[in-house]
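Asker: Got a predicted structure plus its sequence, pasted below:
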Amino acid sequence: MSRRLLPALVLGLATALVLAGCGKPPQQQMPPPAVGFVIVTEQPVALTVELPGRTHPFVVSEIRPQINGIVLKRLFVEGSTVKAGQPLYQIDPAPYRALYDNALAVLASTKAKAERYQRLMAENAIAPQDADDAKAAYLQAKASADSARINLNYTRIVSPITGRIGASTVTEGALVTAQQATALTTVSTLDPIYVDVNQSTAELMALKRAVQDGNANAGGPLTAEVSLKLDDGSPYSLKGRLQFTDVTVDPATGAVQLRAIFPNPETMLLPGLYVRAVINQGVDPHGILVPQNAVGHDQKGEPTALVIDNKNIARLRVLKTGRAVGNQWQVLEGLKPGDKLITEGLTKAMPDMPVNPQPAGAAPAQAPNPAAH
């Protein structure tokens, strides 16, 4: 080597060593983020739906007079409970009693004549036609007496059913007419009581398809059980049952009417009350429920979730969800029993990236950061 090149080589080597000594240390890799997970399990899931509705009386009877007359007395207290057969109004019976008495007199006369003519005909003293005419007159008089008696009974108006009676539309001294348009009052049976709700045909069709596909069971002890939420959000203490589903669809709303029946011994439920009915329409025997906070959505709006594979890598799953059950989603596709579903630390977990899994609810043990030493 030339002596002229040696100093330059030494100087270059020294410069390289100085630069290497002043360089930054290699950057350390960040530890996997800590996440909490739950194990996905199968369980029977009650398929419930919450629908708005209104209460209706079990039986309603509008009280109307069947004769003309003047109301003499009102025989009930408005808003009270009346029994079947209890008198409600008394219409002036005097003209109807007079008609009945006159009909009885005519009946007695025609009866005596018919009997006398019957004996005379047996003796061949009169023509058979005369005896027949006398008998026909007696029968007509009997029918007239029965009609007069019925009208006399109509002067006392009684309740046909047991129930709560409303306000009276007439007072004493009012003139009423037979079969008038305005009811005198209304009696409603409130125990039990009906709750009518409407459900969209799309929901009913989805339930039927689930039954056909084996994803739901429309039978079982829970089916058709109904609970109520009152207008203020408080629950009604007694359970009801779904009585029937209408066979026709309302063309204006595209909904089908459902009717439930509830016991109402304390008459807490009054007609026309707004309620929300929670109806159990079936059971998914292999249901999967996951917390709603564990389900996100992709850019297409499809529900997604993150699960942990056997190498502690987060994997994205596209789901098909059913209905909401409390604070959980029913999952129809995308998850299976045994999957480790990430429910905590979702903001730090990324698809296809390593994670540090811990059971949900436990304090995740974060791996030590080598850069801190």
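Answerer: Nice, I can see it.
Asker: Torsion angles phi and psi at the spatially most central residue of the chain?
Answerer: Nearest to the mean C-alpha position of the chain, counting by CA atoms, centre = their mean, stands Ala277 at 3.1 Å. Torsion angles at Ala277 (phi, psi; degrees, to the nearest 10) stand at phi -100, psi 130.
Asker: ditto for Ile165
Answerer: Here Ile165 shows phi and psi, under degrees, to the nearest 10, equal to phi -100, psi 140.
Asker: Could you number the chain from 5 rather than 1 from now on?
Answerer: That works, and once the first residue is 5, the last one we named lands at Ile169.
Asker: Quickly list what it is bridged to.
Answerer: Val191 (DSSP bridges).
Asker: Now do the contacts for it.
Answerer: By CB atoms under 8 Å, 6 or more residues apart in numbering, the contact set of Ile169 is Phe80, Glu82, Gly83, Ser84, Thr85, Val86, Leu92, Ser163, Thr189, Thr190, Val191. For the C-beta atoms, the positions are set from N, CA and C on the backbone; glycine is no exception.
Asker: give me that answer again for 10 Å
Answerer: Neighbouring residues of Ile169 by CB atoms under 10 Å, 6 or more residues apart in numbering: 65, 67, 80-86, 90, 92, 163, 189-192.
Asker: Surely the residue nearest to the centre of the chain touches Leu234?
Answerer: No - at 11.0 Å, Ala281 and Leu234 do not qualify as touching, with contact defined as CB atoms under 10 Å.
Asker: Common neighbours of the two, please.
Answerer: Residues touching both Ala281 and Leu234 (CB under 10 Å, 6+ apart): Tyr240.
Asker: Now do the residue lying closest to Pro307 once chain neighbours are set aside, the pLDDT please.
Answerer: Nearest non-adjacent residue to Pro307, counting by CB to CB, 6 or more residues apart in numbering: Leu323, 4.4 Å away. Per-residue pLDDT puts Leu323 at 92.
Asker: Can you get me a residue count around Leu323?
Answerer: Under the neighbour criterion other CB atoms under 10 Å, Leu323 is assigned a count of 20.
Asker: cool, and Val279?
Answerer: Val279 has 20 neighbouring residues, counting by other CB under 10 Å.
Asker: Name the residues linked to it by a beta bridge.
Answerer: Gly57.
Asker: For it, list the residues it contacts.
Answerer: Val279 neighbours (CB under 10 Å, 6+ apart): 55-59, 199, 201, 232-235, 240, 264, 266, 273.
Asker: repeat for Lys115
Answerer: Lys115 touches Ala138, Lys139, Ala141, Tyr142, Leu143, Ala145, Lys146, counting by CB under 10 Å, 6+ apart.
Asker: Whichever of the residues you listed end up buried, select them in ChimeraX.
Answerer: Here is the ChimeraX command that selects the buried residues among the contacts of Lys115 (16 or more other CB atoms under 10 Å):
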select :138,139,141,142,145
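Asker: Let's have the contacts of Lys115 in TSV, adding pLDDT and secondary structure.
Answerer: Below are those laid out as TSV (pLDDT from 0 to 100; DSSP: H, G, I helix; E, B strand; the rest coil):
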residue	pLDDT	secondary structure
Ala138	91	helix
Lys139	93	helix
Ala141	94	helix
Tyr142	94	helix
Leu143	95	helix
Ala145	94	helix
Lys146	96	helix
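Asker: Out of the contacts of Lys115, which two sit at the greatest distance?
Answerer: Largest separation among the contacts of Lys115 by CB to CB: Ala138 and Lys146, giving 12.9 Å.
Asker: any common contacting residues for these two?
Answerer: What both Ala138 and Lys146 touch, as defined by CB under 10 Å, 6+ apart, is the set Thr114, Lys115.
Asker: got any ranges where the protein has weak pLDDT?
Answerer: Counting by pLDDT under 70, the chain shows low-confidence ranges at 5-32, 205-228, 249-251, 285, 366-377.
Asker: For Leu339, which three-state class applies?
Answerer: Assigned state for Leu339: coil (three-state reduction, DSSP: H, G, I helix; E, B strand; the rest coil).
Asker: Now it: closest residue in space that isn't a chain neighbour?
Answerer: Nearest to Leu339 is Val44, by CB to CB, 6+ apart, at 5.1 Å.
Asker: wait, doesn't that neighbour sit right on Val311?
Answerer: Yes - contact criterion CB under 10 Å: Val44 and Val311 qualify, at 8.0 Å.
Asker: Quickly list what's touching both of the two.
Answerer: Common neighbours of Val44 and Val311 (CB under 10 Å, 6+ apart) are Ala298, Leu339, Lys340, Gly342, Asp343, Lys344, Leu345.
Asker: Return the distance of the helix or strand harbouring Thr114 from the chain's centre.
Answerer: Using DSSP states H and E, Thr114 sits within helix 98-126. Its chain's average C-alpha position is 62 Å from that of helix 98-126, according to CA atoms, centre = their mean, to the nearest Å.
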